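Participant: what would the 3D arrangement of this be:
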Amino acid sequence: MTEETTLQRKVRERRERLAREQAETASSSGALHPGGEVDPAYSDLVPDADSAYERSDADLTIDRLIENLDIVEAYRKWIPKPIPPFSAAKREGIMVRCPRPDHRDNNPSAWINRDKGTWYCAGCGEGGDAMDLASFYHGMGDYKHGKSFGELREKIAADLGYRIIKAPGVTNPPVVPSAPPAAAPEPVAETSTPPAPPLPPAPVSVPVAVDVEGGPLATVTSIYGDDVEKDEIILPTLDWKPLIEEGTFLDTYMQHCIVDDVPEEYHFWSGLMAVSMACGRDVTLVDRKPVLGNLFMCIVGKSGAGKSRAISHLTELTGMALPYDHSDPMDRGVKTIPTPGSGEVLIHQFSKPIYDTSGAKPVIIGYAPVRGIVDFDELSAIVTRTNRQGSTLKTNLMQFFDGRKTVTSTSMTSGDLRAEHPYACVAAGVQPKALPDLVSDSDAVSGFLNRWLFVTGTPKKRTAIGGTVVDVRPCIPQLQEIHEWANGRGMMSWSEEAADEFTRLFDERIDPLQQRDDTDLFTRIDLLCKKLCLLLSANELLEEVSRAVVLKVELIFNYLCEIWNIQAENLGNTDEKMCEERIIDLLKRKGPSQKDGSLQIGYIVQIVGKKYSRKMIEECLRRLASLHVIDSYIPPAPKVGRPPVPRYRLVNDND
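Facilitator: Next comes the predicted model:
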């Protein structure tokens, strides 16, 4: 597009001008390393006697970092607005909400060009590149003036996992490679998540934390393929290995589970849920309201991906290691509860009356606590039931998640039901393409959706016949050890270093994200991070939360953001947006077969109109044309025959 071509040239000229201006005032050199303290006096340009300015290795490295930023990943990293689903092969015309903080833009009017690394909003007539996106995030809208340009570059480098430090006496220091050696000690998280490189047709690993000692990277990987279907959701994955200490329960559990063809992330989160059930209410994390470690987990994956098998290993292990005794009021075992059909049934499953049998007729004198895993085979089973008139399943589930000490229900059929001090984890599954039909804006606003942890993973090659059988029995002693460790422990505190580290994470990343969130999906992400601090500490049998645990949770935080951004995209899938996507897809598939690459409106209505009305299609066509996503024109009238009808084709950015 002409606007973007001009914009790209202006961005390049602006960068060159600012670099020259800063070179003239540079008085010291700097070095770029994956560790160290930020030096506010750092200058990334070094004067040279033979030229107006000479760019240091540090400055060139920052240049490469910025140039290698994929504009879509930069948007996801710095702009707290969801991106509607799009094909991984799409390079231009990617519709997004305007990234400017003062432009709410609920009906996306901006688009991204990945090849040129630019964005443009037709609504406000503004555009820019990845540096502008970073400037919005850091509140540096005036970064083009004075020292702000260099300061923003420093912040971008820090966001990508690097620090800028002063190197006295060194005029042109060597540049440390961005990827440290693979083997090493405990990872130390930096303050921000580096974005992915440009998307290739194969999986790409994205470093999200750097160990200053040369340790391993935890990675978030997006799954791409040559045959990505329209509207297919690209799922993030998690490198769990840096998150688990050798010799712990989770280490043993993963070693014995990953031998099958189920995505390893499914096993990691199931293992965390096993730790949660071993702890129950026996141990909580110190906070304004004590934090319980219970999780509501929904595994996202296609049919046959192994969602049910991952949960079956979890329930098999808890059944053997922590068996539930129906008759013992003091029992601390784990009960498996299959798909309750209503809120009343759910409470009944967690209700364990204590009877006084000394009289002629047993009398209820109290209720014993029950801890259990509620196994909903499909998330649709919950949504279908909660949508029934008068259903209390959703509200009761939220009470269980919140750790209510008493959950009650009264109905004509069941009478009075009471669960005292229940502890519930919930497991469910869902197919990626079913998400838009299962969740709604009301679920986000009510708080039902943001209580869930959506788990995604890297698919493995499936075994046709046979396969390795998972044996979880070797994990029994260690899970029982956590169970005993938690017994009577009460409150777990934070070490001073851990409290400082979590405060930094909250101030720099969690709170800004929640403040800018307009979907209500990130409301409880801080609570989930605290739950993970508790569970990872329990896995290591720690006396208090350590700084290392918080740093591991920060690695997981990156993964959580990716997942909930997908949820936000689904919430934004209005009929109009879905209709527009169908129109664009049709023009992309069928347009090239026509001489001028265009399709008649009648043909578009015939295909897209199977689901959407002609009026909506015409409105979507007008809007796409106003945004310069498509061209609309009427061919010359023939001498005889019917008058010409409007035709539409996709805009080529090179036009």
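
Participant: what residues go with each domain of this structure?
Facilitator: Listed domain ranges for the chain are 2-166, 246-493, 575-650 (source: automatic domain parsing).

Participant: next up, phi/psi of D631, please.
Facilitator: Main-chain dihedrals, D631, degrees, to the nearest 10: phi -100, psi 140.

Participant: go on, R462?
Facilitator: phi -80, psi 150.

Participant: distance of it from A305?
Facilitator: 9 Å (C-beta to C-beta, to the nearest Å). Every C-beta, even on glycine, is put in place using the N, C-alpha and C of the backbone.

Participant: please apply the same query to P101.
Facilitator: The gap separating P101 from A305 is 38 Å, by C-beta to C-beta.

Participant: neighbour count: those two, which is higher?
Facilitator: Neighbours per residue, other C-beta atoms under 10 Å: of P101 and A305, the larger number sits with A305, 23 against 14.

Participant: is the more buried one in a helix, a strand, or coil?
Facilitator: coil (DSSP: H, G, I helix; E, B strand; the rest coil).

Participant: what's it in contact with, if anything?
Facilitator: 262-263, 457, 459 (C-beta atoms under 8 Å, 6 or more residues apart in numbering).

Participant: got TSV for the residues you listed, with distance to I354 and secondary structure too?
Facilitator: Output for those, formatted as TSV (distance: C-beta to C-beta, whole Å; DSSP: H, G, I helix; E, B strand; the rest coil):
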residue	distance to I354	secondary structure
V262	40	coil
P263	42	coil
G457	42	coil
P459	47	coil
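
Participant: looking at those residues, which one is closest to P353?
Facilitator: V262 (38.7 Å; C-beta to C-beta).

Participant: that closest one touches K461, doesn't it?
Facilitator: No: judged on C-beta atoms under 8 Å, V262 makes no contact with K461 at a distance of 11.5 Å.

Participant: ok, those two, which is more surrounded?
Facilitator: With neighbours defined as other C-beta under 10 Å, V262 and K461 compare such that V262 has more, 26 against 6.

Participant: can you pull the contacts of that one?
Facilitator: V262 is in contact with 305-306, 309-310, 460, counting by C-beta under 8 Å, 6+ apart.

Participant: closest to L60 out of the residues you listed?
Facilitator: Taking C-beta to C-beta as the measure, L60 lies nearest K460 of the contacts of V262, at 40.0 Å.

Participant: okay, the host helix or strand of L346 in CSV with CA atoms only?
Facilitator: Using DSSP states H and E, L346 maps to helix 343-349. Extracted C-alpha coordinates of helix 343-349, given in CSV (Å, rounded to 0.1, in the frame of the first residue of the first chain):
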residue,chain,number,x,y,z
GLY,A,343,-24.4,-27.6,40.9
GLU,A,344,-26.2,-29.6,43.4
VAL,A,345,-24.5,-32.8,42.4
LEU,A,346,-21.2,-31.1,42.6
ILE,A,347,-21.8,-30.0,46.2
HIS,A,348,-23.1,-33.4,47.1
GLN,A,349,-19.8,-35.0,45.9
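
Participant: packing partners for it?
Facilitator: Applying 3 or more C-beta pairs under 8 Å, 6 or more residues apart in numbering; DSSP states H and E, one finds that helix 343-349 contacts strand 334-338, strand 371-375, helix 393-401, strand 406-411, strand 415-420.

Participant: model confidence over the longest one, on average?
Facilitator: Helix 393-401 carries an average pLDDT of 89.

Participant: now the angle from the longest strand anywhere in the chain to strand 406-411?
Facilitator: In terms of residue count, the longest strand belonging to the chain (DSSP state E) is strand 423-430. Using axes from the mean of the first three to the mean of the last three C-alpha atoms, to 10 degrees, the direction of strand 423-430 lies 70 degrees away from that of strand 406-411.

Participant: one step back: what does the helix holding L346 contact?
Facilitator: Helix 343-349 is contacted by residues 335, 337, 340, 370, 372, 374, 391-397, 400, 407-409, 411, 413-414, 417-419 when judged by C-beta under 8 Å, 6+ apart.

Participant: and those, which of them are buried?
Facilitator: Buried members of the contacts of helix 343-349, counted by 16 or more other C-beta atoms under 10 Å: 335, 337, 340, 370, 372, 374, 391-394, 396-397, 400, 407, 409, 417-419.

Participant: ok now the helix holding L346, how far from the chain's centre?
Facilitator: A distance of 32 Å separates the centroid of the chain from that of helix 343-349, by C-alpha atoms, centre = their mean, to the nearest Å.

Participant: and it, average pLDDT?
Facilitator: 90.

Participant: could you point out which element follows it?
Facilitator: Proceeding N to C from helix 343-349, the next assigned helix or strand is strand 353-356, under DSSP H and E.

Participant: from the contact counts, what lies against the very next helix or strand once past that next one?
Facilitator: Counting by DSSP H and E, the next helix or strand C-terminal to strand 353-356 is strand 363-367. Packing contacts for strand 363-367, counted by 3+ C-beta pairs under 8 Å, 6+ apart, involve strand 353-356, strand 415-420.

Participant: number of residues surrounding N450?
Facilitator: Burial of N450 is recorded as 22 neighbouring residues (other C-beta under 10 Å).

Participant: swap that for H628, please
Facilitator: 18.

Participant: list the contacts for the closest residue to it other than its chain neighbours?
Facilitator: Spatially, and ignoring its direct neighbours in sequence, H628 is nearest to V651 (5.6 Å; C-beta to C-beta, 6 or more residues apart in numbering). For V651, the contacting residues are 1, 93, 628-631, by C-beta under 8 Å, 6+ apart.

Participant: let's see if you can find the most crowded of the residues you listed.
Facilitator: The most crowded member of those, judged by other C-beta under 10 Å, is I630 (24 neighbours).

Participant: give me the phi and psi for it.
Facilitator: I630 adopts backbone torsions of phi -130, psi 160, taken as degrees, to the nearest 10.

Participant: beta partners for it?
Facilitator: Beta bridges link I630 to L650, judged by DSSP bridges.

Participant: hmm, it is touching C620, no?
Facilitator: No: between I630 and C620 no contact is recorded; they are 9.7 Å apart, counting by C-beta under 8 Å.

Participant: now do the shared contacts for these two.
Facilitator: Residues touching both I630 and C620 (C-beta under 8 Å, 6+ apart) are I583.

Participant: quickly find the element holding the spatially most central residue of the chain.
Facilitator: The residue lying closest to the centre of the chain (C-alpha atoms, centre = their mean) is E562, at 2.1 Å. Using DSSP H and E, E562 maps to helix 547-571.

Participant: tell me how many other residues surround E246.
Facilitator: Neighbour count for E246, taken as other C-beta under 10 Å: 6.

Participant: helices along the stretch 551-655 of the chain, start to end?
Facilitator: Secondary structure of the stretch 551-655 of the chain by DSSP state H, counting those that start in this stretch: the helices cover 575-590, 601-608, 614-626.

Participant: any chance of those in TSV, plus mean neighbour count?
Facilitator: Below are the helices of the stretch 551-655 of the chain laid out as TSV (neighbours: other C-beta atoms under 10 Å):
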stretch	mean neighbour count
helix 575-590	18
helix 601-608	17
helix 614-626	16
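
Participant: CSV for these, including distance to C279 and mean pLDDT?
Facilitator: Below are the helices of the stretch 551-655 of the chain laid out as CSV (distance: least, C-beta to C-beta, whole Å; pLDDT from 0 to 100):
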stretch, distance to C279, mean pLDDT
helix 575-590, 43, 81
helix 601-608, 52, 89
helix 614-626, 51, 85
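
Participant: redo the ones you listed as TSV? Include distance to L285.
Facilitator: What follows is the helices of the stretch 551-655 of the chain, written out as TSV (distance: least, C-beta to C-beta, whole Å):
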stretch	distance to L285
helix 575-590	40
helix 601-608	51
helix 614-626	49
